[in-house]
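Engineer: pasting the structure only:
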């Protein structure tokens, strides 16, 4: 009898372990880098969360951070499974050897985006070099369009941005940079073209308060990325779902609201063009 009870007890423990393991596998953490503020992120990406939950049967949790560095660390350590991150943040992960791109969004027929140099409508500036002594908004130190690009343009002219602009600030999101210019908090900024186009579409009252001075690029579009340490089955499933989003009505509707045509697997050296 004792032997039978022991076997039953072990069976219960084993069953519980299997159930627990299975339950853990049914969770997915989707990271969103701070290209746009949490409020705007929720509006833009909540449909993707619902879509993924419906397609996988998993509980999908949205994870947002206030900096690109923080999201990179969460992704690297496996605290989030996959994440939408900026091209500059992705490039940093590639240099450190821990990240890979699962899918790249195609917008207006191309897997590229641009950096917009924006200013107030009354500005006479035509180029970043016309902004000497003006106030300027950066996004994040790892943002390609919101920091790396403008700082590099000046660096090529042997100009340090700290000495060039009267004041600078880091807004931590592209939509905040857009609003900072629109409200006259700063005189100019460089922002992600995808965020700008979407934000202006959703907030038409801002359109008359900012203008695009110059366009830089194109650059490889910000990818859906994962750490190389994440389970390959999870990565494969998520990758397939995004690649096939344009194949059903709900997926196409979500993509249309995001301004995305569809997702593709990037070529091997695609992000080396940055």
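Structural biologist: Looks like it arrived, so ask away. Everything numeric here is computed off the predicted structure, so don't read it as measured data.
Engineer: What backbone torsions are found at residue 185?
Structural biologist: phi -70, psi -40 (degrees, to the nearest 10).
Engineer: for it, what are its contacts?
Structural biologist: By C-beta atoms under 8 Å, 6 or more residues apart in numbering, the contact set of residue 185 is 135, 137, 169, 179. C-beta: built from backbone N, CA, C; applies to glycine.
Engineer: Name the nearest residue to residue 110, sequence neighbours excluded.
Structural biologist: residue 218 (7.0 Å; C-beta to C-beta, 6 or more residues apart in numbering).
Engineer: which phi and psi does the most centrally placed residue in the chain have?
Structural biologist: Centroid-nearest residue in the chain, with C-alpha atoms, centre = their mean: residue 85, separated by 3.2 Å. Dihedral angles of residue 85 (phi, psi; degrees, to the nearest 10) stand at phi -130, psi 160.
Engineer: dump the residue contacts of the residue lying closest to it once chain neighbours are set aside.
Structural biologist: The spatial neighbour of residue 85 that comes closest, neighbours along the chain excluded (C-beta to C-beta, 6+ apart), is residue 33 at 4.3 Å. Residue 33 sits next to 65, 68, 71, 83, 84, 85, 86, 89, 222 when contact means C-beta under 8 Å, 6+ apart.
Engineer: Take the residues you listed and keep only those in strands.
Structural biologist: Judged by DSSP state E, the subset of the contacts of residue 33 located in strands is 83, 84.
Engineer: so which of the contacts of residue 33 comes closest to residue 250?
Structural biologist: Residue 250 lies nearest to residue 84 out of the contacts of residue 33, by C-beta to C-beta, at 19.0 Å.
Engineer: Please parse this protein into its domains.
Structural biologist: With domains defined by automatic domain parsing, the chain comprises 27-110+221-273, 113-219.
Engineer: okay, the ones you listed in a markdown table with mean pLDDT next?
Structural biologist: Converted to a markdown table, those look like this (pLDDT from 0 to 100):
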| stretch | mean pLDDT |
| --- | --- |
| domain 27-110+221-273 | 87 |
| domain 113-219 | 94 |
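Engineer: Restricted to helices, list the contacts of residue 185.
Structural biologist: Those of the contacts of residue 185 mapping onto helices are residue 179, per DSSP state H.
Engineer: Can you get me the centre-to-centre distance for the longest strand along the chain and its chain?
Structural biologist: Ranked by residue count under DSSP E, the longest strand found in the chain is strand 211-220. Offset of strand 211-220 from its chain centre (C-alpha atoms, centre = their mean, to the nearest Å): 18 Å.
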